[in-house]
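A.B. asks: after the sequence you'll find the predicted model.
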Amino acid sequence: MKNQFLIDPDITFLNHGSFGACPRAVFEEYQNWQRRLEFQPGKFMTHDVYQYLKVARDDLGQFLGCSGDDLLFFPNPTTAVSNVINSLQLTEADEVLMTEHEYGALVRSWKASAERVGLTIRQQTVSIPVTTREKFVEEFWSGVNKKTRVIFISHITSSTALIFPVEEICTLAHESGIITIIDGAHVPGHIPLDISSLNCDFYTGACHKWLCAPKGSSFLYVKATHHEWMRPLVVSWGEEGDDPGPTQFLKNFQWQGTRDMSAFLTIPAALRFREENHWSDVQANCQKLVEKTADHLKKLLKTTPLFHGFQWLGQMVSHPLPGSAPSDLKLILWNDHKIEVPVFEWQDQQFIRVSIQGYNTWADVEKLIYALETLLP
């Protein structure tokens with residue numbers, strides 16, 4: 001499988017979760033789109049691209065379990081969520097509830113909004129290690145009060161690599177009239193997803209991570225009832241432009257000035273790659289490797305895992321490092337062992353996060369285990 005990707009064969013790459021990796025065939029399709037653009041830039045950008053975007057939206061919508069007309073393309077989830085924040089009419093009387101596990105860049109986005117309009121950001125603590133979905137929901141929901149206007153929560157967390165029970169959270173929020181924004185950056189192509197059944201208001205995901213599409217391909221799902229009041233951060237031609245989009249909502253967002261939209265148009269090729277390579281079987285094997293990795297890290301590092309039960313994990317596992325771990329462990333692993341793996345701080349403790357994708361084997365993990373054994377006292 002590794003020969004189908006463009007990753008340097010001389011390194012041990014255990015960091016798919018950060019930026020993904022694009023298969024050779026998908027990347028070639030991406031370049032083909034760029035060539036089509038450059039072959040006839042005027043016609044492509046003012047006419048052809050809109051029908052191609054519709055195909056990409058519809059194919060992605062079918063995969064995600066939603067209508068393609070409810071999807072907007074963005075280069076990354078950070079930009080997508082920033083557009084939602086910009087459209088929400090929040091005030092100093094409102095609160096946004098999230099966990100302490102949320103992605104740092106998006107926490108900063110929310111805090112910037114709080115500074116601007118005076119709203120309150122509440123980061124709710126949930127017990128670690130996580131045990132049952134019921135306990136998680138109970139602890140998180142205890143942070144809701146009469147001022148809670150928005151719930152912002154990760155489906156799979158970035159730092160801690162945990163799958164959160166967003167289905168139950170969305171159900172409770174819907175019953176309480178609270179807007180739900182789900183950060184699913186790590187979800188598409190990682191775990192099964194049916195957005196319609198979630199009944200969330202907004203859902204963003206990165207296609208360039210576990211779906212293996214080119215970099216800069218992400219989406220924002222917007223429930224149809226919110227289309228009318230959504231406003232783009234970048235205001236461009238909208239209804240006065242060339243876009244024959246079916247709705248004003250799509251017209252407002254699709255054209256945001258001249259940009260290369262080839263990454264969006266390559267999403268169908270990424271979906272085909274999954275089908276052609278029987279990806280459900282690939283993922284099942286990856287899950288087994290993740291569980292085996294988690295067990296070995298627990299024994300080696302002698303620290304408490306973040307979870308009880310593998311139902312909290314997908315194709316990533318984060319594990320706390322002992323206090324004796326070198327502060328520059330990430331750099332040492334790269335310089336001395338050519339291992340690419342994230343090491344970071346969360347809640348005043350160092351963690352290592354291992355991602356397992358189809359191109360990884362147990363031999364990759366063994367190299368990491370051996371390196372850690374030599375580096376940790």
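C.D. replies: In hand now; what should we look at? Residues are numbered from 1 along each chain as shown.
A.B. asks: off-centre distance for the helix or strand that contains residue 363?
C.D. replies: Element membership for residue 363, per DSSP states H and E: helix 362-375. Computed by Cα atoms, centre = their mean, to the nearest Å, the chain-centroid distance of helix 362-375 equals 27 Å.
A.B. asks: quick one: contacts of it?
C.D. replies: Contacts with helix 362-375, where a contact means Cβ atoms under 8 Å, 6 or more residues apart in numbering, come from 12-14, 289, 292-293, 296, 300-301, 325-326, 329, 332-333, 336-337, 339, 341, 354, 356. C-beta: built from backbone N, CA, C; applies to glycine.
A.B. asks: among those, which are located in helices?
C.D. replies: 289, 292, 293, 296, 300, 301, 329, 332, 333, 336, 337 (DSSP state H).
A.B. asks: got the contact list for the first one?
C.D. replies: With contacts defined as Cβ under 8 Å, 6+ apart, residue 289 is in contact with 356, 360, 361, 362, 365.
A.B. asks: how close does it sit to residue 310?
C.D. replies: Going from residue 289 to residue 310 by Cβ to Cβ, to the nearest Å gives 12 Å.
A.B. asks: same check on the third one?
C.D. replies: Relative to residue 310, residue 293 is positioned 11 Å away (Cβ to Cβ).
A.B. asks: higher neighbour count, the two?
C.D. replies: Set residue 293 next to residue 310 and count neighbours by other Cβ atoms under 10 Å: residue 293 wins out with 25 against 14.
A.B. asks: the more buried one and residue 356 touch, don't they?
C.D. replies: Yes. Because the distance of 6.8 Å satisfies Cβ atoms under 8 Å, residue 293 is recorded as touching residue 356.
A.B. asks: tell me who's in contact with the spatially most central residue of the chain.
C.D. replies: Nearest to the geometric centre of the chain sits residue 185, at 1.0 Å (Cα atoms, centre = their mean). Contact analysis of residue 185 by Cβ under 8 Å, 6+ apart lists 77, 103, 154, 156, 158, 204, 205, 206, 209, 218.
A.B. asks: let's see 10 Å
C.D. replies: 17, 76-78, 80-81, 103, 106, 154-158, 204-206, 208-210, 218 (Cβ atoms under 10 Å, 6 or more residues apart in numbering).
A.B. asks: point out where the stretch 101-250 of the chain drops to low pLDDT.
C.D. replies: Scanning the stretch 101-250 of the chain for pLDDT under 70 picks out 239, 241-245.
A.B. asks: quick one: the strands in it, in order.
C.D. replies: 120-124, 148-154, 179-183, 202-206, 218-222 (DSSP state E, counting those that start in this stretch).
A.B. asks: list buried residues within the ones in helices among the contacts of helix 362-375.
C.D. replies: Using 16 or more other Cβ atoms under 10 Å as the burial test, the ones in helices among the contacts of helix 362-375 include 289, 293, 296, 301, 329, 332, 333, 337 as buried.
A.B. asks: any idea how far residue 77 is from the second one?
C.D. replies: Which is residue 293. Look at residue 293 and residue 77: by Cβ to Cβ, they are 26 Å apart.
A.B. asks: and what of the third one?
C.D. replies: From residue 296 over to residue 77 the distance is 31 Å, taken as Cβ to Cβ.
A.B. asks: what's the answer for residue 366, then?
C.D. replies: 33 Å.
A.B. asks: one more: residue 214?
C.D. replies: From residue 214 to residue 77 the distance is 15 Å (Cβ to Cβ).
A.B. asks: now swap in residue 184 and tell me
C.D. replies: To residue 77, residue 184 is 8 Å away according to Cβ to Cβ.
A.B. asks: what's the overlap in contacts for these two?
C.D. replies: 203, 204, 205, 206, 218, 219.
A.B. asks: check contacts around the fourth one.
C.D. replies: Yep, that's residue 206 we're talking about. 19-20, 74-78, 80, 183-190, 213, 215-219.
A.B. asks: pull out the buried residues from those residues.
C.D. replies: Here, 16+ other Cβ under 10 Å leaves 20, 74-78, 80, 183-190, 213, 215-219 buried among the contacts of residue 206.
A.B. asks: re earlier: how about TSV for the shared contacts of residue 184 and residue 77, with distance to residue 2 added?
C.D. replies: Compiled in TSV, those are given as follows (distance: Cβ to Cβ, whole Å):
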residue	distance to residue 2
203	31
204	29
205	25
206	22
218	25
219	28
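A.B. asks: nearest to residue 377 among those residues?
C.D. replies: residue 206 (37.6 Å; Cβ to Cβ).
A.B. asks: what is the closest one paired to in the beta sheet?
C.D. replies: residue 218 (DSSP bridges).
A.B. asks: how many neighbours does residue 211 have?
C.D. replies: Neighbourhood size, residue 211 [other Cβ under 10 Å]: 26.
A.B. asks: now it, nearest residue through space, not along the chain?
C.D. replies: residue 189 (3.5 Å; Cβ to Cβ, 6 or more residues apart in numbering).
A.B. asks: is it true that that neighbour touches residue 207?
C.D. replies: Yes. Residue 189 lies in contact with residue 207 (Cβ atoms under 10 Å); the separation is 7.6 Å.
A.B. asks: sweet, I'm off.
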